[in-house]
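Engineer: Fold the stuff below for me.
(2 chains)
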Amino acid sequence: MIKLLGKIRRTGRVAEPASPPPPLSCPKAARLAGSVQLRHVDAGSCNGCEIEIGSAFGPVHDAERYGARLVASPRHADAVLATGPVTRNLAEPLRRTVAALPEPAIVVAVGDCAINQGEFAEAYGVVGAVGDVVPVDVTVPGCPPPPEAIVAALRGLTGR
Amino acid sequence: MNILGWGLTAAVALAGLGTLAALVAPERVRPMLAGAATAGVGGAGLAAGVAAVAGVGYHARLPWLLPLFGVELVLDPLGGLFVAVAGGVSLVAAVYGIGYAARGHGNQSRSTQAVLPLFVLTLLLVPAAGSVSTLLVTWELMALTSLVLVLTDHRARPRVTHAGLWYAVMTHLGFVAILAGLVAFAAAAGGDTFEALRAARLSPALAAVVFGAALVGFGSKAGLVPLHVWLPRAHPEAPSQVSAMLSAAMVNLGVYGVVRVGLDLLGGGPAGWWLVVLGLGAASALYGILHAAMASDLKRLLAYSTVENMGLVFLAVGVAGLFHAHGEERLAAVALAAGLLHVVNHAGFKTVLFLTAGSVLRATGGRDLNALGGLSRRMPVTTGLFAFGALGAMALPPGNGFVSEWLLLQSLVHPPAGTGVVTAVVLPLAVAVVALTAGLAMATFVKALGVGFFARPRSHVPERAVESPPLMLAAVGVAAAACAGLAVAPTALGPALSRVTGDTLDVAPAVVGGALTVRLAGIASTISPVLILVALVAAVALTALLAQVVARRPARRRDAPLWDCGAGPPTPRMQYTATSFAEPLQRVFADVLAPETTVDTQHASPYLLARMRYQRRLPDRIEYWLYRPVLVAVNALSRSARALANGSVHRYLAYGFFGSIALLVALVVIP
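Structural biologist: So this is what the prediction gives:
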């Protein structure tokens, strides 16, 4: 315990300095007033985007200080963070997850696969991009998108 | 001959008529005739018991009925209470049984229907016995008739035979203990009647032996740990109305015996006796409710709950004896009143519970909670009645069990000064036991009600269930109404309880008094079940009103499907089962329960699993550690004894010859 506290004291803050807040990127997000709860759905990703999302919420990029937070159920969430090309098995769960969101339901497509199926386009098990299954509001391009891009997109929703 | 005499005569006559009718009547009308006669016997017993509790005395001597000793019948308030309880339970259960056996359900066999009125009669005669010989004869008749009833379904299910064997052995071992104890008592007292026994002055050692034997014998009938092993086997296997009679009326007679012999005939005794009673009661209460919480068989659950409640009653009796030994008569009377009130309350709610369990069994053909569920829609009245009974068993305020457990706790939390270190240590522990028992009872009956009656059907078994016929519902309804009466107005029993405790312990009457509020002698606490009920009803009404007001506010509502993690709607298989509901408790009490789990895995290849089988068993640990070695030893002994009898006539003649020689030598040597 003492060792841990000492380590915390020695390490200090490692978060990147915050840049000035961006304007809102999605008109629906105005009602959320700077606090956006996110439910992440892996619709068939290679897990590259997951690593970057994890990094975006890690101590260095720390997206939570801008008001974005990952939660465990769409019933608690304002937005869905969808990654990967939508596979056959996950198409219906993705639809249900978005349907379970309270209004205004925002969908963020993270990564090239979520935007345009990426390198999995027209593969056997793939239904389409996220936009083919549910309406998408915000996109984060990149394969995988760097954490800075994910944080920037989320700040566009929180406005902080 | 007064009203008690007429009541008992009517009971005997009706029992004889019922048996005769069941023997000669055709199968179609047999349950009706026998049931009506049984109900009549119960009704006569109820009337006689109530009159006896009200203070009418009765004493009859029938010297011609039994050779050597004759029959002696005495009804005092203590016996009257138990006669009234047995009569009331039997009345309701017999009427229920008429409906239960109708249209091809239940058992219409000649033996069962003919024995039923006789069994109820013995239930009434045991507490009315006024001498040792009468008590022993009626006790043995009760054991035999109940054994026949337990064995009713032995052709359909082999487990019944097994249960019957356990019951027969245990009840007769108990009988031997009672016989030995009471005969030694009577021999020392020089008389057979209870009056002679009361007047006798026994040496402390003999008194302790008599009390110990009586505790073993009567305790085994009441399902006291570790003599309880027959109870959770035999009670569930009997037909449901008989289960109710066994669990709500017959086990009480174990309490009666200990109170009669220990407090009345022996007049108390040292504190050590009662500490043993208290400890056994506490152990039974905990062990019983723990196994009830684990059980997934509805009737087995109820049987274990009987062990628990009898444990609580014995705890109360033990506390009463303890206070009595220390000269604290008023507190002793309160504790005894708590125990006896719990006997009455337990009889009420256990009748309701066993009869509704019987309705479920009749409607679905099953009593495994893991296969039930969804009965609240198909059998709403039965569900409501079971819920009410469960409320009593949980000892929550609108139920009737609450008042007696409150009374018991009151007698425990007001220890008098100057009763020694042991009492000061034991009483708080007893409070903890009662509290833990109440908590576990809550979990048990939430499980029974929630898994068995609510939610969705877990199998196709409950899907075809239909509500019971009106006669059965009416019978259970009467029992439930009696429970409600006991819950709201326990003070109505106040004078009766005061008379019983006053008569047994020789203290001034008015132990429990008050009109709407229960007041206790010597304890400042009071309670008003009526006001609690009013407050509860008001709180529910207020909540409902508030919900109405809130719901009326205009709100934008969107109907959405249930969130199911996106995987599709949950199936009935995903519901909690009785086993999974009890699993956390099983983990907590794993040291006591010692569950056996086996996981069998079959591999298709080193990497792939072909099949996996999980099995969990919860054997009764007391049975395993205490009874199995005895059974194994008896088996080995009987097998080795077989060598003695090898079929040779010469050998048998030699046994006889040498036996006689040995006897003659012994007679010559011993002066």
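Engineer: so what does the helix or strand hosting residue B:35 touch, helix or strand wise?
Structural biologist: Assigned by DSSP states H and E, residue B:35 belongs to helix B:30-53. Packing partners of helix B:30-53 (3 or more C-beta pairs under 8 Å, 6 or more residues apart in numbering or on different chains; DSSP states H and E): helix B:3-24, strand B:71-75, helix B:77-101, helix B:110-128, helix B:494-505. For every residue, glycine as well, the C-beta is placed using N, CA and C.
Engineer: ok, which stretches of chain A are helices?
Structural biologist: Using DSSP state H, the helices of chain A run over A:2-11, A:48-56, A:88-100, A:112-116, A:130-133, A:147-158.
Engineer: residues near the closest residue to chain B within chain A, how many?
Structural biologist: When distances are taken as C-beta to the nearest C-beta, chain A reaches nearest to chain B at residue A:93, 3.0 Å away. Here the number of neighbours of residue A:93 (other C-beta atoms under 10 Å in any protein chain shown) works out to 17.
Engineer: how about the nearest residue to residue B:216, chain neighbours excluded?
Structural biologist: residue B:177 (4.3 Å; C-beta to C-beta, 6 or more residues apart in numbering or on different chains).
Engineer: surely that neighbour meets residue B:217?
Structural biologist: Yes - the criterion here is C-beta atoms under 8 Å, and residue B:177 meets it with residue B:217 at 3.6 Å.
Engineer: returning to what we had before: just the buried positions in the helix or strand where the residue nearest to residue B:216 lies, please.
Structural biologist: Element membership of residue B:177 [criterion: DSSP H and E] is helix B:158-189. Within helix B:158-189, the residues that qualify as buried by neighbour count (16 or more other C-beta atoms under 10 Å in any protein chain shown) are B:160, B:163-164, B:166-168, B:170-172, B:174-175, B:177-183, B:185-186, B:188-189.
Engineer: Show me what that helix is packed up against.
Structural biologist: Contacts defined by 3+ C-beta pairs under 8 Å, 6+ apart place helix B:158-189 against helix B:132-150, helix B:194-199, helix B:204-222, helix B:231-237.
Engineer: go with 10 Å
Structural biologist: Secondary-structure packing of helix B:158-189 (3 or more C-beta pairs under 10 Å, 6 or more residues apart in numbering or on different chains; DSSP states H and E): helix B:132-150, helix B:194-199, helix B:204-222, helix B:231-237, helix B:252-258.
Engineer: Excluding chain neighbours, give the residue nearest to the residue positioned nearest the centre of chain A in space.
Structural biologist: In chain A, the residue lying closest to the centroid (C-alpha atoms, centre = their mean) is residue A:81, at 3.9 Å. Excluding the flanking residues, the one nearest residue A:81 by C-beta to C-beta, 6+ apart is residue A:40, at 4.4 Å.
Engineer: Verify the contact between the residue nearest to the centre of chain A and residue A:98 for me.
Structural biologist: No - when contacts are counted by C-beta atoms under 10 Å, residue A:81 is not listed as touching residue A:98 (11.4 Å).
Engineer: Overlap in contacts, the two.
Structural biologist: A:39, A:41, A:106-107 (C-beta atoms under 10 Å, 6 or more residues apart in numbering or on different chains).
Engineer: Model confidence for residue B:512, exactly?
Structural biologist: On the pLDDT scale, residue B:512 is placed at 68.
Engineer: thinking again about what came up before, could you tell me which residues touch both of residue B:177 and residue B:217?
Structural biologist: Common contacts of residue B:177 and residue B:217 (C-beta under 10 Å, 6+ apart): residue B:227.
Engineer: Which residue ranges make up each domain of chain B?
Structural biologist: Residue ranges for the domains of chain B, per automatic domain parsing: B:271-546, B:586-619, B:622-669.
Engineer: what distance separates the last one from the centre of its chain?
Structural biologist: Centre-to-centre, domain B:622-669 and its host chain are 38 Å apart (C-alpha atoms, centre = their mean, to the nearest Å).
Engineer: avg pLDDT for it?
Structural biologist: For domain B:622-669, the per-residue pLDDT averages 91.
Engineer: Now do residue 98: how many residues are near it, please.
Structural biologist: By default, I'm working from chain A. Per other C-beta under 10 Å, the neighbour tally for residue A:98 reads 22.
Engineer: Chain B was what I was after
Structural biologist: Count around residue B:98 with other C-beta under 10 Å applied: 22.
Engineer: Return the residues in contact with residue B:573.
Structural biologist: Counting by C-beta under 10 Å, 6+ apart, residue B:573 makes contact with B:456, B:458-459.
Engineer: just these now: which is nearest residue B:584?
Structural biologist: residue B:458 (19.8 Å; C-beta to C-beta).
Engineer: Can you pull out the low-pLDDT segments for the stretch 151-300 of chain B?
Structural biologist: Regions of the stretch 151-300 of chain B meeting the criterion pLDDT under 70 are absent.
Engineer: Most neighbours among the contacts of residue B:573, please name it.
Structural biologist: Compared across the contacts of residue B:573, residue B:458 has the highest neighbour count, 22 neighbours, by other C-beta under 10 Å.
Engineer: Can you give me the distance of that one to chain A?
Structural biologist: Distance of residue B:458 to chain A, computed by C-beta to the nearest C-beta, to the nearest Å: 26 Å.
Engineer: Wait, a helix at that residue?
Structural biologist: No - Residue B:458 sits outside any helix when classified using DSSP: H, G, I helix; E, B strand; the rest coil, being coil.
Engineer: Surely it and residue B:372 touch.
Structural biologist: Yes - using C-beta under 10 Å, residue B:458 is in contact with residue B:372, at 6.4 Å.
Engineer: Need the residues touching each of those two.
Structural biologist: With C-beta under 10 Å, 6+ apart, residue B:458 and residue B:372 have common neighbours B:451-452, B:577-578.
Engineer: so which pair among those is furthest apart in space?
Structural biologist: B:452 and B:577, at 10.5 Å, using C-beta to C-beta across the shared contacts of residue B:458 and residue B:372.
Engineer: Which single residue in chain B comes nearest to chain A?
Structural biologist: residue B:566 (3.0 Å).
Engineer: Tell me who's in contact with that residue.
Structural biologist: By C-beta under 10 Å, 6+ apart, the contact set of residue B:566 is A:41, A:74, A:90, A:92-100.
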